[in-house]
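>>> Starting from these lines, generate the structure:
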Amino acid sequence: MSCVVAYDSGNGTIYLASDSIGIDGNDYVIRKDKKVFIKDGVGFGFVGSFRIGQILRSIFKVPKKKENQSDYDYMCSTFIDSLYKCLKSKGFDPGEKNELGEMEFLVAYNGKIYHILCDFQVAIYDTPYMSIGAGGRYALGYLWGCSGSNFPVEDKVRLALECSSSFSAAVKAPFEVIKVKKYKKQTDCVE
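The predicted structure is shown next:
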């Protein structure tokens, strides 16, 4: 099920990082289709179903935020409502947990990290980092241990994935790291 890490640098940039493994029972392959990407100024990092990741990347349209809507309210309503409709239109029944049981992803939106779970709840945390997937707890432990250090953020997320791959058979290199910059308007560019 892999590992995805998000880290808030504190300067408006969120780092998203992932491994590259695809697992089917006892078998695995290294996938070239990345688990972290930027779409319409929003960063995504998914674990579980690659099909849901493909829908997020290629089909899902990031909705516009309503005027005077807080970022959190936008994520909990406008964003999730649009995601729900998109998944349903592609044959996933959001009411059936067995179909979406493996859906979990991190979203870097407007300088904050949001955790979307299979029941469509939107979680935000009081730490500047989060990690999900089978190796997520190992990565979280590493990030907690180095959170006060002066290591560059990119090194922190890479080492968190390396730590995770040392203890979880479900996490494997190569690792991908992207930066998602905070933006003023939904149309602004990011790296």
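
>>> what sits up against stretch 146-164?
For stretch 146-164, the external contacting residues (C-beta atoms under 8 Å, 6 or more residues apart in numbering) are 3, 5, 7, 9, 13, 15-19, 127-129, 131, 135-136, 138-143, 171, 173, 175, 177. Bear in mind the C-beta positions are built from the backbone N, C-alpha and C, glycine included.

>>> Just the buried ones out of those residues, please.
Buried members of the contacts of stretch 146-164, scored by 16 or more other C-beta atoms under 10 Å, are 3, 5, 7, 9, 13, 15-19, 128-129, 131, 135-136, 138-140, 142-143, 171, 175, 177.

>>> Take those residues and keep only those in strands.
5, 7, 13, 15-18, 129, 131, 177 (DSSP state E).

>>> for the protein, what helix or strand is lowest in average pLDDT?
helix 97-100 (a mean of 58; mean pLDDT, DSSP states H and E).

>>> so where do the helices sit in the protein?
Applying DSSP state H to the chain gives helices spanning 50-58, 71-74, 80-89, 97-100, 136-146, 153-167.

>>> Format the ones you listed as TSV; extra columns: distance to His115.
Shown next, in TSV, are the helices of the chain (distance: least, C-beta to C-beta, whole Å):
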stretch	distance to His115
helix 50-58	14
helix 71-74	12
helix 80-89	12
helix 97-100	15
helix 136-146	10
helix 153-167	16
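
>>> Look up how far Pro152 lies from Gly111.
For Gly111, the distance to Pro152 equals 18 Å [C-beta to C-beta, to the nearest Å].

>>> go on, Glu67?
In terms of C-beta to C-beta, Glu67 sits 37 Å off from Pro152.

>>> Between these two, point out the one with more neighbours.
More crowded of Glu67 and Pro152, by other C-beta atoms under 10 Å: Pro152, with 11 against 5.

>>> what about the more buried one, distance to Val47?
From Pro152 to Val47 the distance is 25 Å (C-beta to C-beta).

>>> For the protein, give me the ranges with low pLDDT.
94-101, 184-191 (pLDDT under 70).

>>> For Gln25, give me phi and psi.
One correction, residue 25 is Gly, not Gln. Backbone geometry at Gly25, expressed as degrees, to the nearest 10, gives phi 70, psi -120.

>>> ok now do it, which residues does it touch?
Listed by C-beta under 8 Å, 6+ apart, Gly25 has no contact partners.

>>> From Lys172, how far off is it?
The separation that Gly25 has from Lys172, given C-beta to C-beta, amounts to 15 Å.

>>> what do you get for Gln121?
Plainly put, Gln121 is 29 Å away from Lys172 if you go by C-beta to C-beta.

>>> for Gly135, same thing?
For Gly135, the distance to Lys172 - C-beta to C-beta - is 9 Å.
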